[in-house]
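Novice: Here's a sequence, model it:
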Amino acid sequence: MAKQFKWVLGASSVLILAPILYAVQAYEALPAQMAIHFNLQNQADQWVAKPLAVFGLPIFMLLLQWVCVGISLIQQKGKPLAPRFERVVYSLIPILNVVVYVTMVSFNLGGKPDIRRIVLVLIGLVFIAIGNYLPTIPATAQNRLHWPKQPSQQLALRLNRRLGHYFVVAGVVLFGSLFFKPLVSALCLGGLLVGLVILLGRTVLTTN
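Specialist: Model (predicted):
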């Protein structure tokens, strides 16, 4: 395994598992059934047993991170094709896990975090980060993607820029929805996801 990927796995694994210490020191104060999902009104609507929430969720995220990095290693054969964009991708699961996990534990300890705003800020930041770095992916990296037909270099760069702009705009829209009622945020998020599916569909058709 390439040295870079070993470092990524090591650093991200520590970051993913570190928040467990926060839950462990408050373990006795946590309820036997912990809330892990919330509706638009900031109310819990799904619960799991405390051991599963405290230990199971981080372990699942750790395995997911290892799978993502492993797939990337296999596809790239140890040689990064878009280092700056890959750094963003590799950091997504660890950062999301830390924020979501700490928020979940805080809520179950009696805190009142605004789940909707926290989630939307996270998604918005992820969109903007991806959008900023998508145009940095070289056209040669497209050769590793399983398009029905490989796009030309000019087309690949144009598609990356188009998707990059979309993600940045999507992030800004989500930030703007924070100033309105939860329903507006839900509609914006749903509309943006539908728009992304349509854009990706057109992208695939364009490469044919």
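Novice: Which parts of the protein belong to which domain?
Specialist: 1-113, 114-208 (automatic domain parsing).
Novice: can you give me the strands in the protein?
Specialist: Counting by DSSP state E, one finds strands in the chain at the ranges 33-38, 44-49.
Novice: Include mean neighbour count, distance to Arg117 and mean pLDDT when you put those into TSV, please.
Specialist: All C-beta atoms are positioned from the backbone trio N, CA, C, and that covers glycine. As requested, those are arranged in TSV below (neighbours: other C-beta atoms under 10 Å; distance: least, C-beta to C-beta, whole Å; pLDDT from 0 to 100):
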stretch	mean neighbour count	distance to Arg117	mean pLDDT
strand 33-38	17	12	90
strand 44-49	13	16	90
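Novice: right, so of these, which gets closest to Val119?
Specialist: Distances from Val119 to each of those were compared using C-beta to C-beta; the minimum, 8.5 Å, belongs to strand 33-38.
Novice: Quick check: closest non-adjacent residue to Val168.
Specialist: Nearest residue to Val168 in three dimensions, chain neighbours excluded: Gly131, at 3.6 Å (C-beta to C-beta, 6 or more residues apart in numbering).
Novice: Please give me every residue in contact with the residue nearest the centre of the chain.
Specialist: Residue closest to the average C-alpha location in the chain (C-alpha atoms, centre = their mean): Leu92, at 4.7 Å. Shown here is Leu92, whose contacts under the criterion C-beta atoms under 8 Å, 6 or more residues apart in numbering are Val126.
Novice: let's see 6 Å
Specialist: For Leu92, no residue meets the contact criterion (C-beta atoms under 6 Å, 6 or more residues apart in numbering).
Novice: how far away is it from Met34?
Specialist: Taking C-beta to C-beta, to the nearest Å as the criterion, Leu92 is separated from Met34 by 24 Å.
Novice: Pass me the low-pLDDT residue ranges in this structure, would you?
Specialist: Counting by pLDDT under 70, the chain has low-confidence residues at 1-5, 75-83, 138-156, 202-208.
Novice: For it, identify the residue most remote from the centre.
Specialist: For the chain, the residue at maximal distance from the C-alpha centroid (C-alpha atoms, centre = their mean) is Glu28, at 30.6 Å.
Novice: thinking again about what came up before, surely the residue nearest to Val168 touches Phe167?
Specialist: Yes. Checked against C-beta atoms under 6 Å, the pair Gly131 and Phe167 is within contact range at 3.1 Å.
Novice: Let me see the ranges of the helices in this protein.
Specialist: Taking DSSP state H to define them, one finds helices in the chain at 3-17, 20-25, 50-51, 57-76, 83-108, 115-133, 153-177, 182-206.
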